[in-house]
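>>> Next input, structure requested:
(2 chains)
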Amino acid sequence: MTQLPTTTNRKMGLVIDLDTCVGCHACVISCKGWNTENYGAPLSDQDPYGSDPSGTFLNRVHSFEVQPEQGTAQLTHFPKSCLHCEDAPCVTVCPTGASYKRVEDGIVLVNESDCIGCGLCAWACPYGARELDLAAGVMKKCTLCVDRIYNETLPEEDRVPSCVRSCPSGARHFGDLGDANSDVSKLVADRGGFDLMPEMGTKPVNKYLPPRPKDQIEGEIDILAPLLAPVADTPGGFLGWLDTALGKLPGGSS
Amino acid sequence: MHPAPSVILFTTLSGLGFGLLFFLGLGLPDVTGMVAFVFFAIAFALAVGGLLASTFHLGHPERAIKAFSQWKTSWLSREGCCAVAALLVMGLYAIGAVFFDQSWRALGLLGALLSLATVFTTSMIYAQLKTIPRWNMALVPVLFLTLSLAGGALLAGQVNMATGLLVLAGLVQLAYWVQGDKALAKSGTTLATATGLGGGGTIRAFEPPHTGSNYLLREFVHVVGRKHSQKLRVIGFTLAFVLPVILLLLPFGHLLALIAVLSHLTGVISTRWLFFAEAEHVVGLYYGKR
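This is a model prediction of the structure:
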C-alpha cells in the first residue's frame, strides 16, 4: 500500500561523509554492478558504446565548488542516492501500490511487477533518486542492497550496501539511524550531520556530514621557511635587463 | 519539465471533453435523439481519447488496471477512478437521452459533478508536487477547472456563459503566470539547501556526475522552448481567450463557433505546452540548471 507507515521499527540508512569522499565513483560502479547482476530488472544502458551514451544509475556523484569570500575555493564531491525518507513523497503518489516503505527497516522499495512506469514518483522526489529504466520500463531506485544486508550466504563483512563495501576512503557508513546509540547516529551527532532540502518536509533518513574547514595557514608557511633563500620580487641580471628593455617599448604591458 | 506530447494532449482534450460532459449533464443544452448523439460522441471522443493518449507515456500500459487501487493516497489513482465513474454515469445518461428521449436529471447532475471532479483530480496530480514550485499552487486547480468549464461551455454552445468563463479563465491564466514566475524563488529551495554546502560562500555545480545525459535531465530539465516562452504566452493567450471572445461577441453562426472552438483548442494546447516546458523541477539545481 502507498500509505506510509506512521513509524518504522528501524531506520536503516546511509551516512555520507563529504569531508572524506574523494570522488572516485567506485560506489557508483559497484552499485551499478550489484544491482544489474542481482535483484530486479538490470540497470540498462542506452547506446553505451555510441556517440550519446546514457544509462540508469541508482547512485551518482556530483562535484560542487564553494568559493568563500576570502581564501581559496573548496571542492566537495557529493554522492547522491535515495535517502529513504520517513515522509517519502514518492510512495504516496504511486497509483498502483508498487512503491512502498517497509515497516521493519524503513527501506523504500519498488515492486517492479506492479510498476506501470508512469514516472510520477520520480517527479515527486526532490533528490533525483529515482530513474525510469528505459529497457525495462519500470522505476529503479536504491534498495539499500536489501539483497545483501540480510543475506546469510554472504560473509558477514559483505552484509552492507555495495557502495559502502566498495568505498576506499571510508566516506560511507551504514546503520540504524533510528537507534540513538548506533555508530551512525553517534557519528551524525558528533559531526553535525544534516538533511538535504529540509524545507521539502521529506524527513530523509540518510544524513550528510559537512566538509571540515580547511587548515588555516597563519604567519609563516613553514618553520624552516626563514632559512630558505628569499625569492626575488624583482628580477636581476639578464632577466632584469630584458624586463626593463621590454617595458620601455611602446605598447604597454599585459 | 519535459513537455510530453501524450500528456499535453491528454490534459487538454480530456479537460475539454469533461467540461462538455459537465454542461450536458446539467442539461445545457437539454438535447435528445440524434442531436444528443452528436454532442455525446464529441464529448466521449475527447474525454476517452485524452485518457487513451495518457497511457502512451507509460512504461507498462498493460498494467494500467492496477492504477485504480491506491485512491487513498494517490491523486493519479483518484483521477483514474473519477474518470471511469464519470464516463459510466454520463454513458448511462447519454443512453437515456439518445435512445429513450429522456433526461434523467439526477443521473446527469451526478455525472456533471464527477466530470468536474475528474478535472480537479487531474490538476491535483501537478499541484501536489512540492518539487515543482511553479505547479505547487492553489491556482493550478483553479486554472484547470476554469479552462475546462470555458471550453465545455464553448462546445456546448452556451454563448453567454462561454464568454464570461473565457474572460475568467484568461484572468486566471495571467495570474498563474505572474505568480508562477516567482514560485521557485519563493519556495526557498536553492543549491545551498539542496547540498547543505555554501555556508559563508557561493556554491556552484562544478562537475556533473557523468559526461552524457540521463533520465533526470531529459525528464526534468527542459530548456529548449523556454527562450521563446514570452512569445508563446502571447500567441497562446490570444488563441485561447482573446480570439474566441471576439468571435462569440459577433452575431452567432456555426462557422464562427467552429473557428472559436479550434482557436481555443490550439491556444490551450500551446499554453499547456508552456505549463510543462516552463516548470522547473528542483532536481535541476544539483546540475546547476533549472
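
>>> is it true that residue A:102 touches residue A:91?
No - proximity of residue A:102 to residue A:91 does not meet the contact threshold set by Cβ atoms under 8 Å, at 10.6 Å. Every residue, glycine included, has its C-beta placed from N, CA and C.

>>> Have a look at the two and say which one is more surrounded.
Neighbours were counted for residue A:102 and for residue A:91 using other Cβ atoms under 10 Å in any protein chain shown; residue A:91 has more, 27 against 17.

>>> these two touch, right, the more buried one and residue A:110?
No - the criterion here is Cβ under 8 Å, and residue A:91 misses it with residue A:110 at 9.6 Å.

>>> list residues touching both of these two?
Shared contacts of residue A:91 and residue A:110 (Cβ atoms under 8 Å, 6 or more residues apart in numbering or on different chains): A:99, A:121.

>>> how about the residues of the stretch 101-250 of chain B that lie near chain A?
Counting by Cβ under 8 Å from any Cβ of the partner chain, the stretch 101-250 of chain B comes close to chain A at B:125, B:128-132, B:187-189, B:191, B:193-198, B:200-210, B:212-216, B:219-220.

>>> List buried residues within the residues you listed.
B:125, B:128-132, B:187, B:189, B:191, B:193-198, B:201, B:203, B:205-210, B:214-216, B:219-220 (16 or more other Cβ atoms under 10 Å in any protein chain shown).

>>> Among the residues you listed, which are located in strands?
Cross-referencing those against strands under DSSP state E gives B:201, B:203, B:205-207.

>>> Between these, which sits nearest residue B:231?
When these are ranked by distance to residue B:231 (Cβ to Cβ), residue B:205 comes first, at 29.3 Å.

>>> give me every residue that touches residue 92.
Answering for chain A, as no chain was given. Per Cβ under 8 Å, 6+ apart, neighbours of residue A:92: A:2-4, A:124, B:73-74.

>>> my question was about chain B
Residue B:92 neighbours (Cβ under 8 Å, 6+ apart): B:104, B:107.

>>> and the gap between it and residue B:32?
15 Å (Cβ to Cβ, to the nearest Å).

>>> Enumerate every residue touching residue 111.
Picking chain A for this. A:97-100.

>>> actually chain B
Contacts here follow Cβ under 8 Å, 6+ apart; on that basis residue B:111 touches B:21, B:25, B:86, B:89-90, B:93.

>>> of the contacts of residue A:111, list those near chain B.
A:97-98.

>>> re earlier: would you format the ones in strands among the buried ones among the residues of the stretch 101-250 of chain B next to chain A as JSON lines with pLDDT included?
Shown next, in JSON lines, are these (pLDDT from 0 to 100):
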{"residue": "B:201", "pLDDT": "88"}
{"residue": "B:203", "pLDDT": "94"}
{"residue": "B:205", "pLDDT": "94"}
{"residue": "B:206", "pLDDT": "94"}
{"residue": "B:207", "pLDDT": "91"}
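
>>> Which of those residues sits closest to residue B:81?
Looking across those and measuring by Cβ to Cβ, the closest to residue B:81 is residue B:205, at 41.3 Å.

>>> So what's the residue count around the residue of the stretch 151-254 of chain A found nearest chain B?
For the stretch 151-254 of chain A, the residue positioned closest to chain B under Cβ to the nearest Cβ is residue A:194, at a distance of 4.6 Å. Using other Cβ under 10 Å, residue A:194 has 17 other residues around it.

>>> hmm, who's touching stretch A:229-236?
With Cβ under 8 Å, 6+ apart, stretch A:229-236 has contacts from A:240, A:243.

>>> could you list every residue that touches residue B:125?
Applying Cβ under 8 Å, 6+ apart, we find residue B:125 in contact with A:93, A:120, B:75-76, B:79.

>>> distance of whatever residue of the stretch 1-150 of chain A ends up closest to chain B from residue A:171?
In the stretch 1-150 of chain A, no residue comes nearer to chain B than residue A:117, which is 1.9 Å away by Cβ to the nearest Cβ. According to Cβ to Cβ, residue A:117 stands 33 Å off from residue A:171.

>>> neighbour count winner among the two?
Between residue A:117 and residue A:171, residue A:171 has the larger neighbour count (other Cβ under 10 Å), namely 22 against 19.

>>> The more buried one contacts residue A:16, doesn't it?
Yes - taking contacts as Cβ under 8 Å, residue A:171 lies within contact range of residue A:16: 6.4 Å.

>>> for the spatially closest residue to residue A:68 that is not a sequence neighbour, what are its contacts?
Spatially, and ignoring its direct neighbours in sequence, residue A:68 is nearest to residue B:201 (3.9 Å; Cβ to Cβ, 6 or more residues apart in numbering or on different chains). Contacts here follow Cβ under 8 Å, 6+ apart; on that basis residue B:201 touches A:66-69, A:74.

>>> ok, now residue B:5?
No contacts exist for residue B:5 under Cβ under 8 Å, 6+ apart.

>>> do the same with the one 10 residues further on
With contact set as Cβ under 8 Å, 6+ apart, residue B:15 has these partners: B:50, B:119, B:122, B:144, B:147-148, B:151, B:268.

>>> before we move on, which element is the closest residue to chain A within the stretch 51-200 of chain B in?
Residue of the stretch 51-200 of chain B nearest chain A, by Cβ to the nearest Cβ: residue B:59 (1.9 Å). Assigned by DSSP states H and E, residue B:59 falls within no helix or strand.

>>> Going by neighbour count, which residues in the host helix or strand of residue B:15 are buried?
Secondary structure from DSSP H and E places residue B:15 in helix B:5-26. Buried residues in helix B:5-26, counted by 16+ other Cβ under 10 Å: B:7-26.

>>> Spatially nearest residue to the residue lying farthest from the centre of chain B (excluding sequence neighbours)?
Note on chain B: the largest C-alpha distance from the chain mean falls to residue B:200, namely 42.7 Å (Cα atoms, centre = their mean). Once flanking residues are discounted, residue B:200 sits nearest to residue A:68: 5.6 Å by Cβ to Cβ, 6+ apart.

>>> From the contacts of residue A:111, which land in strands?
Filtering these for strands - DSSP E - leaves A:99-100.

>>> longest strand in chain A, by residue count?
Longest strand in chain A, counting residues (DSSP E): strand A:59-68.

>>> mean confidence for the helix or strand hosting residue A:15?
Using DSSP H and E, residue A:15 sits within strand A:12-17. Mean pLDDT, computed over strand A:12-17, is 98.

>>> relative orientation of that strand and strand A:59-68 in degrees?
Orientation check (axes from the mean of the first three to the mean of the last three Cα atoms, to 10 degrees): strand A:12-17 against strand A:59-68 gives 40 degrees.

>>> Neighbouring strands - and their directions - for strand A:12-17?
strand A:172-176 (antiparallel), strand A:207-209 (parallel) (DSSP bridges).

>>> Excluding chain neighbours, what is closest to residue A:194?
Nearest to residue A:194 is residue B:196, by Cβ to Cβ, 6+ apart, at 4.6 Å.

>>> Please, where are all the helices along the chain?
Unless you meant another one, I'm taking chain A. With helices called from DSSP state H, chain A shows them at A:26-37, A:89-92, A:120-124, A:146-149, A:162-166, A:183-191, A:237-248.

>>> wrong one, I was asking about chain B
Using DSSP H, helices in chain B cover B:5-26, B:33-54, B:75-99, B:105-127, B:139-155, B:159-187, B:191-195, B:215-220, B:229-237, B:243-249, B:254-277.

>>> what residue ranges in the chain score low on pLDDT?
As the question left the chain open, I've gone with chain A. Scanning chain A for pLDDT under 70 picks out A:1, A:217-221, A:231-232, A:252-254.

>>> please go with chain B instead
Within chain B, the ranges that satisfy pLDDT under 70 run B:224-225.
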